[in-house]
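**Q** This is a predicted model, with the sequence first.
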Amino acid sequence: MTPSAWVQRFSPPPGTALDVGCGSGRNLRWLAEAGWRVTGVDRDAGATAPLCDLAEIIAADIENSPWPLSERTFDLVVVCNYLWRPLFDTIKAAVKPGGWLIWETFADGQQTIGRPSRPDFLLQRGELLRVCSDWHIVAYEDLFEPGVNPRFVQRVAAIRPRSAA
């Protein structure tokens with residue numbers, strides 16, 4: 001299980017991390033091995049069960065239940081292959097001032113080559129850039145990746161301002 005190259009490239013020095021929609025833990029495992037104190041949240045308790053020795057695991061349906069981490073913030077929040085627009089502000093609020101948000105997921109165009117294909121699960125052009133426009137954008141991509149598993153993808157690595165936003 002290979003972690004996201006984007007997460008590997010832009011992760012700052014270890015601290016506390018949250019992996020939103022961690023699934024079976026491809027990024028969570030890498031973060032834990034790199035020295036991060038990781039919390040993973042996912043609705044699939046079966047997929048996350050093997051991760052309990054590596055990280056704090058929270059089984060929660062974050063789309064239909066209250067956010068389970070409302071009082072907590074993290075040095076790094078990672079979101080890969082997950083999109084639920086009503087949580088944009090909630091996920092950003094989970095990043096400590098001066099902390100990092102690394103988000104990577106499918107973008108518009110994916111529906112022409114495979115899944116996901118529903119617009120609800122595909123970022124529109126420039127959407128992550130707009131969501132993080134009040135933060136320091138370290139890197140951003142919106143592109144098509146050819147290859148064995150071709151996909152349309154959008155990524156951002158952004159730092160939350162130390163004050164205000």
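**A** Perfect, I can see it now. These numbers come from a predicted model, not from an experiment. Residues are numbered from 1 along each chain as shown.

**Q** check which helix or strand covers the closest residue to residue 11 other than its chain neighbours.
**A** Counting by Cβ to Cβ, 6 or more residues apart in numbering, residue 11 lies nearest to residue 76, which is 6.2 Å off, once chain neighbours are set aside. All C-beta spots, glycine's among them, are computed from the backbone N, C-alpha and C. Under the criterion of DSSP states H and E, residue 76 resides in strand 74-80.

**Q** Check which element follows that strand along the chain.
**A** The C-terminal neighbour of strand 74-80 among helices and strands, as given by DSSP H and E, is helix 88-93.

**Q** For this protein, which residues score under the pLDDT cut-off?
**A** When the per-residue scores of the chain are filtered using pLDDT under 70, the ranges that remain are 164-165.

**Q** rerun at 90
**A** Residues of the chain meeting the criterion pLDDT under 90: 1, 45-46, 48-50, 52, 147-148, 163-165.

**Q** what comes up buried for the top helix by length along it?
**A** When the chain is scanned for its longest helix (criterion: DSSP state H), the result is helix 26-33. Buried residues in helix 26-33, counting neighbours by 16 or more other Cβ atoms under 10 Å, are found at 26, 27, 28, 29, 30, 31, 32.

**Q** So which elements touch it?
**A** Contact here means 3 or more Cβ pairs under 8 Å, 6 or more residues apart in numbering; DSSP states H and E; on that basis helix 26-33 packs against helix 5-10, strand 16-20, strand 37-42, strand 74-80.
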